[in-house]
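[1] Structure here, sequence nowhere to be found:
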């Protein structure tokens, strides 16, 4: 079920007595058998295989080292599953955050991102405790469709450099200057990077067509890494750009607090909290639509807040519920939150045992992974339906889409919602 379809599904809030009870406790009360554990162990492994390349790719696209994506999926993902109000939610770094994270780092550095994310976690906890989680369903469908499509366009533009192996010094963040810089750098195209990108895309596309149950993204990244390592290809890789991936989690530490620093990052904290709440609850609604279950939106927001605070204390980045990985979890046969907790432990095991294998992973292959993610993010049928429907739906969609691309994602959501409200208000008076 697509995100818009799932959002239209009827989702009732649970009684006040169980609003904040983690779903894992509910499942344990129902009875948790060895068969449940086996199913969750297999589902968790399946999701971890998908999350491994994605977590690194999203971190790199956000302007961070790849291990920060893994830290986020391990720490934040574990806590979101253990404490959350959705039985099947998988937490981790999300593509929708790439633009926002890159902008925050550009303004305040990584320390500013840590502080903003920690504050965002507190805000999300407060929103949950005030029982405002159900408000996400008031956001119009056209706003969500336009927003996700706009984010997909921005992310894809950020990966053109890696897909083509371009040499760009100081790549601009804004879309139009970025495209101009790419155009000026086309003379630096690396044919080897293009070949690895094409190979990775071909593997993913063919796998989805002929072997949809296989982890195509992992196969694509692994194949590209083996070629890069064995043939000593002259392309940018995790090793050449970042020096590899550490083989352990860092020691936790709190961000540096000061009134001045907190005021500086407050707008970014609000943006992270808003985007994280929308993305997480939308993912939970999608899971409800796929399973017939009902999530606890306020309890889920509290868990998301705790997950964000913990993730950055361990050197991570903002964490949220992820629609694609949550859907993969459900399709893999998960029975409850244990699968999400195990997915995080599987990723931790990779870091402890196999981190050196990431050295030769080419950034072109990770760019191909994100290109596929961008394609999947766009609700193409819903976009076309809104665009060719009434002028009202088209106005809401285009307002959100264009402002997300050319101005700011939060501005896009706010303006699109406002236009939807104004259009509805005027039509009601007509």
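    Received, thanks. Everything numeric here is computed off the predicted structure, so don't read it as measured data.

[2] C-alpha from now on. contacts and neighbour counts both.
    Fine.

[3] for whichever strand or helix holds residue 121, packing partners?
    Secondary structure here is read from DSSP states H and E; on that basis residue 121 sits in helix 98-129. In this structure, helix 98-129 makes packing contacts with helix 34-61, helix 141-164, helix 259-291, helix 297-313, judged by 3 or more CA pairs under 8 Å, 6 or more residues apart in numbering; DSSP states H and E.

[4] for that helix, the distance to its chain's centre please.
    The offset between the C-alpha centroid of helix 98-129 and the centroid of the whole chain comes to 14 Å, using CA atoms, centre = their mean, to the nearest Å.

[5] on that earlier part again, quick one: which of the helices and strands packed on helix 98-129 is nearest residue 109?
    Ranking the helices and strands packed on helix 98-129 by distance to residue 109, with CA to CA as the measure, places helix 259-291 first at 10.7 Å.

[6] between the closest one and helix 141-164, how big is the angle?
    Here helix 259-291 runs at 100 degrees with respect to helix 141-164, directions being taken by axes from the mean of the first three to the mean of the last three CA atoms, to 10 degrees.

[7] got the angle between helix 259-291 and helix 98-129?
    Helix 259-291 and helix 98-129 are oriented at 80 degrees to each other (the same axes, to 10 degrees).

[8] Check which helices and strands helix 259-291 sits against.
    By 3+ CA pairs under 8 Å, 6+ apart, helix 259-291 packs against helix 3-8, helix 98-129, helix 297-313, strand 320-321, helix 323-331.

[9] And the average pLDDT for it is what?
    Averaged across helix 259-291, the pLDDT comes to 92.

[10] Can you give me the buried ones in the helix holding residue 121?
    Neighbour-count burial for helix 98-129, with 16 or more other CA atoms under 10 Å as criterion, is recorded at 98-105, 108, 110-129.

[11] between it and helix 297-313, how many degrees?
    130 degrees.

[12] quick one: average pLDDT of helix 98-129?
    95.

[13] quick one, which of the helices and strands packed on helix 98-129 is nearest to residue 377?
    Proximity to residue 377, assessed across those by CA to CA, is greatest for helix 141-164 (6.2 Å).

[14] For the closest one, list every residue counted as buried.
    Taking 16+ other CA under 10 Å as the criterion, helix 141-164 shows 141-164 as buried.

[15] phi, psi of the residue positioned nearest the centre of the chain?
    Taking CA atoms, centre = their mean as the criterion, residue 94 is the residue nearest the geometric centre of the chain, at 1.1 Å. Torsion angles at residue 94 (phi, psi; degrees, to the nearest 10) stand at phi -120, psi 150.

[16] Run through the stretch 201-350 of the chain and note the low-pLDDT ranges.
    Along the stretch 201-350 of the chain, the model assigns pLDDT under 70 to no residue.

[17] how about a markdown table for the helices and strands packed on helix 259-291, with distance to residue 35 added?
    As requested, the helices and strands packed on helix 259-291 are arranged in a markdown table below (distance: least, CA to CA, whole Å):
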| stretch | distance to residue 35 |
| --- | --- |
| helix 3-8 | 29 |
| helix 98-129 | 33 |
| helix 297-313 | 26 |
| strand 320-321 | 26 |
| helix 323-331 | 16 |
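
[18] Between the ones you listed, which one is closest to residue 272.
    Evaluated with CA to CA, the helices and strands packed on helix 259-291 place helix 98-129 nearest to residue 272, the distance being 5.9 Å.

[19] what sits against residue 407?
    For residue 407, the set of contacting residues under the criterion of CA atoms under 8 Å, 6 or more residues apart in numbering is empty.

[20] For stretch 34-47, what is the distance to the chain centroid?
    The chain centroid and the centroid of stretch 34-47 are separated by 22 Å, computed with CA atoms, centre = their mean.

[21] try stretch 357-374
    The chain centroid and the centroid of stretch 357-374 are separated by 15 Å, computed with CA atoms, centre = their mean.
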